[in-house]
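# Below is the sequence, then the predicted model.
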Amino acid sequence: MPRTWITSDLQLRLILTLFLVAECLSAEMEGPKASNNSTQQMDNGNHSSVSTTSSMERKQSTVTLHAEVKTSLSKLVDTKAVLSCPPVQWPSVLVTWEIVLRDKPPCVRAYRRDTNQTTGGNCTDKRITWASGPDENPALQIDPVAITHDGNYTCQIATSDGNFQHEYHLQVLVPPKVTLTQTEKGTAVCKAAAGKPAAQIFWTPEGDCATEQEPYRGDGTVTVQSTCRWEDHHVLNVSCSVSHLTGNKSLSIQLSQGSEIQAHFILCIIAPIFIILIVAGSIWLLKISGCRKCKLKKTEHTPVVEEDEMEPYASYTEKNNPLYDITNRAKTSQVLPSEVDGMNLHTVYVPRV
């Protein structure tokens, strides 16, 4: 009996030992799996949170970048300008261009994708059109650019994700006409006429200069004039440099000396006066000569009374009476020549013998 109890007790202990060993082994096998699963779940959670955050940041940055953009654009007059709308990743529903020009009411051009319709509103300038089909590219085209196209151009795109806007401030550039001349006082004048914006003028060598600006025609262009003089009489050649956004230009001139300027002044002023005096004197002499000839002609045509115009009886007496003829000759010889010149007719009546 005692041996049987000992044998059963040993078997029971052996079974319990084996059960505990098997349980520990199973626990060790499941531990790494649980830790791996938990780690994987944590990693997946972190990855999803990171990806969600990055997509939100990318979306937010995209919206911030294209929500409202402002650009300053400069274009040379008589060229072509193309204004683009903001790039979007979502299909647009409505595209509108708002145009605000100087001294003109605003106008709107629009394109609606769902109906494929375009409207021009009150935009009447035919030089402002769509660059191509608005369904493909809603860019705006200005061809050619004029001074009157100065202003603001705003493209607005409405999408399912929001509205996007791009605003342009267009400035039209006009190159100035540059001239360089010298005045009679010996100063040099450099002028940059009808430029937009105003040009800047520089002199080489530097002198005593005065610069002034004045609006030109009221269209936004400006005329800049610089007058310069040099106290040093040894300065012969001067240069005028004009700086402008459309390009730089330089002109040179050779200054004349004071004596040359004075001689030029005498030649231009005194010579015409001298010629005028000569012409006036010639006319006066011709007039006097003509008057003298007229007087001589009048004297020659004065009528003289002939002897035939005497009274019939006196004429008959003078011609047929010998005594009267001898007496008349004696009296005629006693008359002085000066008295004869002052008389037109001498009639002498002789009584009958």
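Sure thing, it's come through.
# so where's the longest strand in this structure?
Looking across the chain with DSSP state E, the single longest strand is strand 162-173.
# residues in contact with that one?
Taking contacts as Cβ atoms under 8 Å, 6 or more residues apart in numbering, the residues outside strand 162-173 that touch it are 63, 66-77, 81, 83-86, 88, 142, 145-147, 149-157, 196-197, 220, 245-246. For the C-beta atoms, the positions are set from N, CA and C on the backbone; glycine is no exception.
# same check, this time on stretch 88-96
62, 66, 85, 108-114, 134, 138, 155-161, 164.
# in that stretch, what's buried?
Using 16 or more other Cβ atoms under 10 Å as the test for burial, stretch 88-96 gives Val88, Ser92, Val95, Thr96.
# Those in strands, which ones?
Ser92, Val95, Thr96.
# Any chance of JSON lines for these, columns distance to Pro175 and pLDDT?
Listed next are these as JSON lines, based on distance: Cβ to Cβ, whole Å; pLDDT from 0 to 100:
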{"residue": "Ser92", "distance to Pro175": "39", "pLDDT": "79"}
{"residue": "Val95", "distance to Pro175": "35", "pLDDT": "94"}
{"residue": "Thr96", "distance to Pro175": "34", "pLDDT": "95"}
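# of those residues, closest to Leu255?
Sorting those by how near they are to Leu255, with Cβ to Cβ, puts Thr96 at the top with 60.1 Å.
# How much space separates the closest residue to that closest one other than its chain neighbours from His244?
The shortest distance from Thr96 to any non-neighbouring residue, by Cβ to Cβ, 6 or more residues apart in numbering, is to Ala110 (4.4 Å). Taking Cβ to Cβ, to the nearest Å as the measure, Ala110 and His244 are separated by 38 Å.
# One more: Thr129?
30 Å.
# low pLDDT regions in the stretch 1-150 of the chain?
Across the stretch 1-150 of the chain, residues meeting the criterion (pLDDT under 70) sit at 1-67.
# And the helices in it, which stretches?
2-67 (DSSP state H, counting those that start in this stretch).
# The stretch 201-350 of the chain now?
Using DSSP H, counting those that start in this stretch, helices in the stretch 201-350 of the chain cover 258-300, 312-320, 322-334, 337-341.
# buried sites along the longest strand of the chain?
Quick answer for strand 162-173 (16+ other Cβ under 10 Å): Phe164, Gln165, His166, Glu167, Tyr168, Leu170, Gln171, Val172, Leu173.
# on that earlier part again, ok, Ala110 and His244, which is more surrounded?
It is His244, of Ala110 and His244, that has more neighbours when counted by other Cβ atoms under 10 Å, with 20 against 17.
# Go ahead and confirm the more buried one touches Phe202.
No: judged on Cβ atoms under 8 Å, His244 makes no contact with Phe202 at a distance of 11.9 Å.
# how much space between the nearest residue in space to Lys70 that is not next to it in sequence and Thr154?
Excluding the flanking residues, the one nearest Lys70 by Cβ to Cβ, 6+ apart is Glu167, at 4.8 Å. Between Glu167 and Thr154 the computed distance is 4 Å (Cβ to Cβ).
# Show me what Thr227 is bridged to.
Beta-bridge pairing for Thr227 (DSSP bridges): Val189, Ala210.
# Need the per-residue pLDDT for it.
Looking at Thr227, its pLDDT is 96.
# re the thing from before, the longest strand of the chain pairs with which strands, parallel or anti?
In the sheet, strand 162-173 lines up with strand 68-76 (parallel), strand 151-159 (antiparallel) (DSSP bridges).
# re the thing from before, now, which of the buried residues of stretch 88-96 sits nearest Ser282?
Nearest to Ser282 among these, with distances taken as Cβ to Cβ, is Thr96, at 81.6 Å.
# so the closest one bridges to which residues?
Beta-bridge pairing of Thr96 under DSSP bridges involves Ala110, Gln156.
# Likewise for Tyr168?
Applying DSSP bridges, one finds that Tyr168 bridges with Thr71, Tyr153.
# Ser252 now?
Going by DSSP bridges, Ser252 forms beta bridges with Ser239.
# if I look at it, how far off is Thr227?
17 Å.
# More neighbours: those two, which one.
Neighbour count, other Cβ under 10 Å: between Ser252 and Thr227, Thr227 has more, with 17 against 11.
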